[in-house]
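Peer 1: Show me the folded form of this:
(one chain, ligands or ions: 1)
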Amino acid sequence: MVEFDTVYDRRNTNCSKWDSITDTYGEDGLLPLWIADMDFKANPPVLEALEQTAKQGILGYSPAPNSLYEAIQRWQKRRHDYSVNKEAILFNSGVVPSLSLAIQAYTEPGDAILIHDPVYPPFAKVVEQNNRRLIRNQLLIEQEHFVMALEEMEKQIVAENVRLFILCNPHNPGGRVWTKSELEAFGQLCAKYDVLVISDEIHQDLIFAPHVFTTFANVHPSFKDFSITLTAATKTFNLAGIKNSMIFIENPDLRKKFIAAQERNFQNEINIFGYVGTEAAYQHGDNWLEELLVYLTENIDTVSTFLQTELPKVKMMRPEGTYLIWLDFSSLGLTDAQLQKQLIHKGKVVLNPGISFGPNGTQHMRLNVACPKETLIEGLRRIKYSFE
Ligand SMILES: Cc1ncc(COP(=O)(O)O)c(C=O)c1O
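Peer 2: A predicted model of the protein is given here:
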């Protein structure tokens, strides 16, 4: 059994989640339930593999070993029924850096790039910082879940001459695990207008049954031709600091262009701990992950019960995947600034402001439940107190 209940004091460990918020908000004693990392220790075999590497004492340049490719291929096949070819697998220091490379590889300055609204904030930043045109497609809400607005998307593709779509699969912040048929309809639309799809699948392993994750490239054999997949072991196994991610590109022409962008940016070498941690995680991670998913489900239930009984005005979108919960505060009638002020300065609890995920995120907050129950319950108590 993994001890997910253990509370570790992460303060003064130079971690973004706990240590940066005092300076950001000018407050002491804040409880962080924001950035997407977990307050759990990594799986012991991963830590042992990293220790063994450090003990070698010589940490020179190192290429990706064959055993790593095999571990990735086995994981993708076993967990996602995706047979990825070895030559399709590339590495980079992170999914976000790969988004930037993909934009540079496949589009020109001024080209239109479509993203959902709301969605993980770096999608918008990476488009804008590369001087491409950002177009946002608002997600709709049906039965308390986000669904894609395909009709509007088609109009936007035509009107703006969209070249590329950055898809978040599964969706952060809404926790939607897009179904195969949703992805199929979305993909057919992209194929019809020659829109390339960058599918960010970093949350692919954090899926709650009965929901099933589908790799975009695996929906239909032709989808590999016009898509690339970005993923990593770092989100699943709480290893964000080792900075390692994968890019799967089956189409040789797209792969060639991506490699050229990597070489232009000198982004084709990864740190040794990234390789070692990723391989160990995929090699030894199944049981740890299963236990994590059970623990996260309990935490999501805790939030659901708490809100229903203690704070019924705040509505949650129950995640089908990820450890993130999208909370709707709109019935409180507060502005985004007021909402943030009350949570931070009255409740002393830090969530991600919904508005940072796009205009459609107004009056929402994103809650991270990947923490021991004790921490979560204290956080919920603080959220409630913020509005008393
Ligand atoms: C959808 C999504 N993509 C990418 C990342 C970050 O990836 P990386 O640290 O590999 O750049 C996150 C982190 O939360 C995320 O939620």
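Peer 1: Give the burial count for residue 285, as a bare number.
Peer 2: 22 (other Cβ atoms under 10 Å). No exception for glycine: its C-beta is placed from N, CA and C like everyone else's.
Peer 1: nope, residue 230 is what I meant
Peer 2: 27.
Peer 1: how much space is there between it and the ligand?
Peer 2: For residue 230, the distance to the ligand equals 7 Å [Cβ to the nearest ligand atom, to the nearest Å].
Peer 1: Same check on residue 6?
Peer 2: Applying Cβ to the nearest ligand atom to residue 6 and the ligand gives a distance of 23 Å.
Peer 1: got a pLDDT number for that residue?
Peer 2: Residue 6 carries a pLDDT value of 96.
Peer 1: What separation do you get for it and residue 188?
Peer 2: Here the criterion is Cβ to Cβ, to the nearest Å. By it, residue 6 lies 47 Å from residue 188.
Peer 1: Who has more neighbours out of these two?
Peer 2: Higher neighbour count among residue 6 and residue 188: residue 188, with 14 against 11, using other Cβ under 10 Å.
Peer 1: helix or strand right after the helix or strand containing that one?
Peer 2: Using DSSP states H and E, residue 188 maps to helix 180-192. Next in sequence after helix 180-192, counting helices and strands by DSSP H and E, comes strand 196-200.
Peer 1: For that next one, buried residues please.
Peer 2: Buried residues in strand 196-200, defined by neighbour count with 16 or more other Cβ atoms under 10 Å: 196-200.
Peer 1: now, among these, which is nearest to residue 110?
Peer 2: residue 196 (16.1 Å; Cβ to Cβ).
Peer 1: now the closest residue to the closest one other than its chain neighbours: how far from residue 69?
Peer 2: Closest residue to residue 196 apart from its sequence neighbours, by Cβ to Cβ, 6 or more residues apart in numbering: residue 164 at 4.8 Å. As for residue 164, its distance to residue 69 is 27 Å (criterion: Cβ to Cβ).
Peer 1: And residue 298, by the same measure?
Peer 2: 35 Å.
Peer 1: go on, residue 319?
Peer 2: 31 Å.
Peer 1: Show me which of those two is the more surrounded one.
Peer 2: residue 319 (30 against 18).
Peer 1: Now for whichever residue of the stretch 51-200 of the chain sits closest to the ligand: which residues touch it?
Peer 2: Shortest the stretch 51-200 of the chain-to-the ligand distance, computed as Cβ to the nearest ligand atom: residue-wise this is residue 94, at 2.9 Å. Residues in contact with residue 94, defined by Cβ atoms under 8 Å, 6 or more residues apart in numbering, are 232, 234, 243-245.
Peer 1: Take those residues and write them to CSV, including pLDDT and secondary structure.
Peer 2: Shown next, in CSV, are these (pLDDT from 0 to 100; DSSP: H, G, I helix; E, B strand; the rest coil):
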residue, pLDDT, secondary structure
232, 98, coil
234, 98, coil
243, 94, coil
244, 94, coil
245, 96, strand
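Peer 1: related to what we said a few turns ago, pretty sure the residue nearest to residue 196 contacts residue 123?
Peer 2: No: using Cβ atoms under 8 Å as the test, residue 164 is too far from residue 123 to be in contact (11.2 Å).
Peer 1: Please say which of these two ends up with more neighbours.
Peer 2: residue 123 (27 against 20).
Peer 1: Now name the helix or strand holding that one.
Peer 2: Here residue 123 is assigned to helix 122-129, by DSSP H and E.
Peer 1: Pairing partners for the helix or strand that that helix is followed by, with directions?
Peer 2: Remark: after helix 122-129, the chain's next helix or strand is strand 133-138, criterion DSSP H and E. Applying DSSP bridges, strand 133-138 is found paired with strand 112-117 (parallel).
Peer 1: Determine how far the strand it pairs with lies from the middle of the whole chain.
Peer 2: How far strand 112-117 lies from its chain's middle: 16 Å, per Cα atoms, centre = their mean, to the nearest Å.
Peer 1: My guess is residue 274 contacts residue 93. True?
Peer 2: Yes: look at residue 274 against residue 93 with Cβ under 8 Å: they come within range, at 7.1 Å.
Peer 1: Around the closest residue to residue 222 other than its chain neighbours, how many other residues sit close by?
Peer 2: Spatial nearest neighbour of residue 222, excluding adjacent residues (Cβ to Cβ, 6+ apart): residue 191 at 6.9 Å. Neighbourhood size, residue 191 [other Cβ under 10 Å]: 16.
Peer 1: again with residue 42
Peer 2: 19.
Peer 1: mind checking pLDDT for it?
Peer 2: 96.
Peer 1: Contacts only, for it.
Peer 2: Contacts of residue 42 (Cβ under 8 Å, 6+ apart): 237-239, 277, 281.
Peer 1: related to what we said a few turns ago, ok, and of the buried residues of strand 196-200, which contact the ligand?
Peer 2: Contacts with the ligand within these, counted by Cβ under 6 Å from any ligand atom: residue 200.
Peer 1: Closest one to residue 54 out of the buried residues of strand 196-200, please.
Peer 2: residue 200 (30.6 Å).
Peer 1: need the residues of the protein near the ligand, please.
Peer 2: 36, 94-96, 120, 168, 172, 200, 202, 232, 234, 240, 245.
Peer 1: count of residues packed around residue 88?
Peer 2: By other Cβ under 10 Å, neighbour count at residue 88 equals 20.
Peer 1: again but with residue 186, I slipped
Peer 2: Neighbours of residue 186 (other Cβ under 10 Å): 21.
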